[in-house]
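Engineer: Below is the sequence, then the predicted model.
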Amino acid sequence: MKLYVEGEAGRAVCHRDGLVTTHFRYRDVPFDDGHGSAPDILVGVCDVCGDVLTIPPQSTPAIRAARERATVSLEAQLPALYLETLDLAAYRINPQLSTDFRKALLSYYLHGAAAEKEAGAGLLADWQAFRDSFPGAEKQSPRKRLSLKISPFLAGEMEMLMVATALNRTDLIKSLVGRIHREVVAPAKPRVLPALQRFAGAAA
């Protein structure tokens, strides 16, 4: 396996300029989701437009480490009923999905709630309706830990929703689960199911 050094020449296909020559330079490399970057990474740079075209294998661990540092930890202690609701929703979307889909599903609903004209409108009602459907179950369920890593962008949306709804982080997550129950688990024929099945296929 080749070790590349700064200033070394190469060739690559540029989306702007076609087949071009490149030189390896140290650059800040933006993450794919557009939020954050890995600083001072050796990459192949287009000699025509200056875009980053290639990333040598030796730079991959540093990019991965920077991405992991850029994520935000989301921790909550929840009654098992809430986690089981997430898992049942995932099963209904696709029986092959595992508990790993909890993060994607919560992120999908978090982003959707934040994008509403009145951010988070109805979340509190969804949570209340969920509790009314299972009276006493929340207190009887053992508590389990939910631990996720989310992007800084999603963390910002969560903070915004917490302000808009006056809910703390744990109660906001419970409210999102209430909405997931209302839209995915409870209906005989969920209208959102086709969109979520497409999302699950893309997120897998």
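Structural biologist: Structure received. Since we're looking at a predicted model, the values are computed, not measured.
Engineer: alpha carbons only for contacts and neighbour counts from here, please
Structural biologist: OK.
Engineer: so where do the helices sit in this protein?
Structural biologist: 60-70, 80-93, 101-115, 123-133, 137-140, 152-165, 169-180, 193-203 (DSSP state H).
Engineer: highest average neighbour count across those helices?
Structural biologist: Mean neighbour count, computed with mean count of other C-alpha atoms under 10 Å, is highest for helix 169-180 among these, reaching a mean of 22.
Engineer: Does anything pack onto it? Which helices or strands?
Structural biologist: strand 72-79, helix 80-93, helix 101-115, helix 123-133, helix 152-165 (3 or more C-alpha pairs under 8 Å, 6 or more residues apart in numbering; DSSP states H and E).
Engineer: Can you give the contact residues for that helix?
Structural biologist: Where contact means C-alpha atoms under 8 Å, 6 or more residues apart in numbering, the residues beyond helix 169-180 that reach it are 76-78, 82, 85-86, 89, 106, 109-110, 123-124, 126-130, 158, 161-162.
Engineer: again with stretch 71-88
Structural biologist: With C-alpha under 8 Å, 6+ apart as the criterion, stretch 71-88 contacts 98-99, 101-102, 105, 137-139, 141-152, 155, 169-170, 174, 177, 180-181, 185.
Engineer: Check stretch 127-136 too.
Structural biologist: Ala137, Glu138, Lys174, Ser175, Leu176, Val177, Gly178, Arg179, His181, Arg182.
Engineer: Quickly note the distance from the fifth one to Leu105.
Structural biologist: Read that as Leu176. From Leu176 across to Leu105, the span is 10 Å (C-alpha to C-alpha, to the nearest Å).
Engineer: Looking at the helices of the chain, spot the one closest to Glu8.
Structural biologist: For Glu8, the closest of the helices of the chain is helix 60-70, at 17.9 Å, according to C-alpha to C-alpha.
Engineer: So which elements touch the closest one?
Structural biologist: Against helix 60-70 (3+ C-alpha pairs under 8 Å, 6+ apart) you get strand 37-46.
Engineer: where in the protein is pLDDT low?
Structural biologist: Along the chain, the model assigns pLDDT under 70 to residues 33-35, 68, 70, 204.
Engineer: and Lys149, how many neighbours?
Structural biologist: Neighbour count of Lys149, defined by other C-alpha atoms under 10 Å: 15.
Engineer: Would you enumerate the residues in contact with it?
Structural biologist: Thr71, Val72, Ser73, Leu74, Lys103.
Engineer: Give me the distance between the first one and Thr99.
Structural biologist: Looking back up the chat, that one is Thr71. From Thr71 to Thr99 the distance is 20 Å (C-alpha to C-alpha).
Engineer: Looking at those two, which has the bigger crowd around it?
Structural biologist: The residue with more neighbours, out of Thr71 and Thr99, is Thr71; 17 against 13, by other C-alpha under 10 Å.
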